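*Asks:* Provided below are the primary sequence and the corresponding predicted coordinates.
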Amino acid sequence: MFRQHAGLYMPAIVAMTHNSAIKALSDRLRARGKSGKQIIFAAMRKLLHIAYGVLKSGECFDAQRALAH
C-alpha cells in the first residue's frame, strides 16, 4: 500500500516543517498520540486535498483557507 503513495512521502515530510496548515495538523495529531506513520499519511492526504482545491478553484494557495476545519 505504501508504494502507491511514495510520490507524496517527501513532500509531506517537507510540508510538515514549512507549511503552516500541515504543521498544525501534525501537531494536533501528535498531541492525540498518533504514530509517526499515521501523521505522515494524514499530511499526504491533506496535501492532496489542498492540491485538488487549488486546481478546482483556479485560485492561489491560501494558508488561512487551508487551516479552516
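*Replies:* That came through fine. Residues are numbered from 1 along each chain as shown.
*Asks:* C-alpha only now, for contacts and for neighbours.
*Replies:* Will do.
*Asks:* How are the helices of the protein distributed by residue range?
*Replies:* Taking DSSP state H, the helices of the chain run over residues 6-18, 20-31, 36-57, 63-67.
*Asks:* and for the longest one, what are the contacting residues?
*Replies:* What that stands for is helix 36-57. Residues from elsewhere that reach helix 36-57 (CA atoms under 8 Å, 6 or more residues apart in numbering): 8-9, 11-13, 15-16, 22, 25-26, 29-30, 60-61, 66.
*Asks:* any low-confidence regions in the chain?
*Replies:* Low-confidence segments of the chain, defined by pLDDT under 70: 1-5, 68-69.
*Asks:* picking up where we left off before, show me which pair in the contacts of helix 36-57 is furthest apart.
*Replies:* Greatest spatial distance in the contacts of helix 36-57: R30 and C60, 28.7 Å, computed using CA to CA.
*Asks:* Who has more neighbours out of those two?
*Replies:* Using other CA atoms under 10 Å, the more surrounded residue of R30 and C60 is R30, with 14 against 9.
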